[in-house]
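Colleague: could you look at this predicted model? Sequence included:
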Amino acid sequence: MSVNILAIESSCDETSAAIVRDGKVLSNLIATQKVHEQFGGVVPELASRAHMQNIVPVVDVALKEAGIEKHDIQAVAFTQAPGLIGSLLVGACFAKAYAQALNVPLIAVHHMQAHVLAHFIEEPKPEFPFLCLTVSGGHSQVVLCRDYLDMEVLGETIDDAAGEAFDKVAKMLELPYPGGPMVDKYAQQGNPLRFKFPASDMAGYNFSFSGIKTSVLYFLQAEKKLNPNFVAENIEDICASVQYTIIKVLMNKLRKAAAELKIKHIGIAGGVSANSGLRKALLEEGEKNGWQVYIPAFQYCTDNAAMIGITAYYKYLKGEFADMSVSPTARASWT
């Protein structure tokens, strides 16, 4: 008998629903929230309200695109952590009610684990063990993956995440929200070696990106005193240099982990894995070191319910269900 899972993702500012059948994605709908653009960042209360408006129609369309009815659902999955607590609550409450109404199991999923398992949505799929560099707006981690549900975080950021650094630099440059993709766009036309910014080297496999953020701030302040048009005249080179430095820090740790653990299967995941510079750097590093490199499709890099559904599928096979007392949380360990 086939296993159809309805998956809900609502950790931040995107409402997403997907139908996953036996590990295959039948539909993956994402409703983005434009309301935050005027504020230059996500406003938690507005995000929660938008989720409440979007979740029913998004689930309805996901079911229709998958060609199934509500009674065909065998389990309901949702993002339990981490994220904005108000946004998480909307998804959790909806998932609980849906599962209870259908009398099917409820599956709680950790968002970061789901980013890693996004690699198993489409071919080619990684072989175990593999290393995954998981990079998003709130997290930067090197993860050792021994099996679908057996992972270990080897290192992570001790302050700002890489995605957060991209967004904050974009704000300094007065680029429109979301800023990270705009930095990437300008960086493709710039000289990455023109401006020097500090590349941190934390102990072990940990990261730090607060230093580069502060360095860019002071750099821009000094240059704009000399030339008020400095940013406009040098935007491509600034973005290219910042992006080069952030990627250098990420790749240094990934290279170190791969060498010390003698692992040749390497992947990247999370919203920042959509960055063209990071993708190019990983492919070049893979060719240099004989790695088998895995990069998810763009639609599975950013927040989406398909990755929640694929994770829930493996949890379903293991019988890892949650009861109705399960609560979402803004922060939670997952390995």
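Modeller: Nice, I can see it. Numbering: from 1, shown residues only.
Colleague: tell me which residues touch the residue nearest the centre of the chain, please.
Modeller: The structure's the chain has its C-alpha centroid closest to G270; by Cα atoms, centre = their mean the separation is 2.7 Å. Taking Cβ atoms under 8 Å, 6 or more residues apart in numbering, we find G270 in contact with 112, 115, 134-136, 139, 163, 301. Where C-beta positions appear, they are placed from N, C-alpha and C, glycine not excepted.
Colleague: before we move on, what about L88?
Modeller: Neighbouring residues of L88 by Cβ under 8 Å, 6+ apart: 10-11, 79-81, 328-330.
Colleague: just the pLDDT for the residue nearest to the centre of the chain.
Modeller: If you check G270, the pLDDT there is 93.
Colleague: that one and A62, how far apart?
Modeller: From G270 across to A62, the span is 23 Å (Cβ to Cβ, to the nearest Å).
Colleague: show me the chain divided up by domain.
Modeller: Dividing the chain into domains by automatic domain parsing, as the record does, gives the ranges 4-116+303-317, 123-295.
Colleague: now do the end-to-end distance for the first one.
Modeller: Using Cα to Cα, to the nearest Å, the gap from the first to the last residue of domain 4-116+303-317 comes to 12 Å.
Colleague: out of the contacts of L88, which is most surrounded?
Modeller: The residue in those with the most neighbours, by other Cβ atoms under 10 Å, is S10 (36 neighbours).
Colleague: contacting residues around it?
Modeller: Taking Cβ under 8 Å, 6+ apart, one finds 16, 51, 55, 78-79, 83, 87-88, 90-91 in contact with S10.
Colleague: just give me the neighbour total for L29.
Modeller: Count around L29 with other Cβ under 10 Å applied: 23.
Colleague: again, but for V3
Modeller: If you count neighbours by other Cβ under 10 Å, V3 ends up with 15.
Colleague: ok, it to Y316 distance?
Modeller: Going from V3 to Y316 by Cβ to Cβ gives 6 Å.
Colleague: find the residues that touch each one of those two.
Modeller: 74-75.
Colleague: helices of the stretch 201-335 of the chain, residue ranges please.
Modeller: For the stretch 201-335 of the chain, helices defined by DSSP state H, counting those that start in this stretch occupy the ranges 210-226, 230-261, 276-289, 305-317.
Colleague: list of residues touching the first one?
Modeller: Residues outside helix 210-226 that contact it (Cβ under 8 Å, 6+ apart): 159-160, 165, 168-169, 172-173, 195, 197-200, 230-231, 238, 242, 245-246, 249.
Colleague: and if you look at the last one?
Modeller: By Cβ under 8 Å, 6+ apart, the surrounding residues in contact with helix 305-317 are 3, 5-9, 16-20, 22-23, 25, 28-30, 62, 74-75, 77-79, 105, 107, 109-111, 113-115, 117-118, 120-121, 148-149, 299-300, 321.
Colleague: same check, this time on the third one
Modeller: Counting by Cβ under 8 Å, 6+ apart, helix 276-289 makes contact with 133, 135, 184, 187-188, 243-244, 247, 250-251, 254-255, 258-259, 264, 266, 268, 272-273, 291-293, 295, all of which sit outside it.
Colleague: and what of stretch 24-32?
Modeller: Contacts with stretch 24-32, where a contact means Cβ under 8 Å, 6+ apart, come from 4, 13-20, 50, 54, 57-58, 61-63, 65-68, 121, 299, 303-306, 309-310.
Colleague: list the buried ones in it?
Modeller: The neighbour-count check on stretch 24-32 (16 or more other Cβ atoms under 10 Å) flags 25-31 as buried.
Colleague: would you point out the most distant pair within these?
Modeller: Greatest spatial distance among these (Cβ to Cβ): L26 and A31, at 17.9 Å.
Colleague: and P192, how many neighbours?
Modeller: 18.
Colleague: so it: helix, strand or coil?
Modeller: Assigned with DSSP: H, G, I helix; E, B strand; the rest coil, P192 falls in the coil class.
Colleague: how about it: what's its closest non-neighbour residue?
Modeller: Take P192 and drop its neighbours on the chain: the residue closest to it by Cβ to Cβ, 6 or more residues apart in numbering is Y244, 3.5 Å away.
Colleague: how many other residues sit next to that neighbour?
Modeller: So Y244, with other Cβ under 10 Å, has 21 neighbours.
Colleague: can you pull the contacts of it?
Modeller: 187, 192-193, 277.
Colleague: distance of it relative to Y300?
Modeller: 26 Å.
Colleague: tell me the phi and psi of I19?
Modeller: Taking degrees, to the nearest 10, you get phi -110, psi 120 for the backbone angles of I19.
Colleague: please list all residues in contact with it.
Modeller: I19 makes contacts with 4-7, 25-27, 62-63, 65-66, 68, 309, as judged by Cβ under 8 Å, 6+ apart.
Colleague: now the buried members of those.
Modeller: Among the contacts of I19, the ones that count as buried by 16+ other Cβ under 10 Å are 4-7, 25-27, 62-63, 66, 68, 309.
Colleague: now render these as a markdown table, adding secondary structure and pLDDT.
Modeller: What follows is the buried ones among the contacts of I19, written out as a markdown table (DSSP: H, G, I helix; E, B strand; the rest coil; pLDDT from 0 to 100):
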| residue | secondary structure | pLDDT |
| --- | --- | --- |
| N4 | strand | 98 |
| I5 | strand | 98 |
| L6 | strand | 98 |
| A7 | strand | 98 |
| V25 | strand | 98 |
| L26 | strand | 98 |
| S27 | strand | 98 |
| A62 | helix | 98 |
| L63 | helix | 98 |
| A66 | helix | 98 |
| I68 | coil | 96 |
| G309 | helix | 98 |
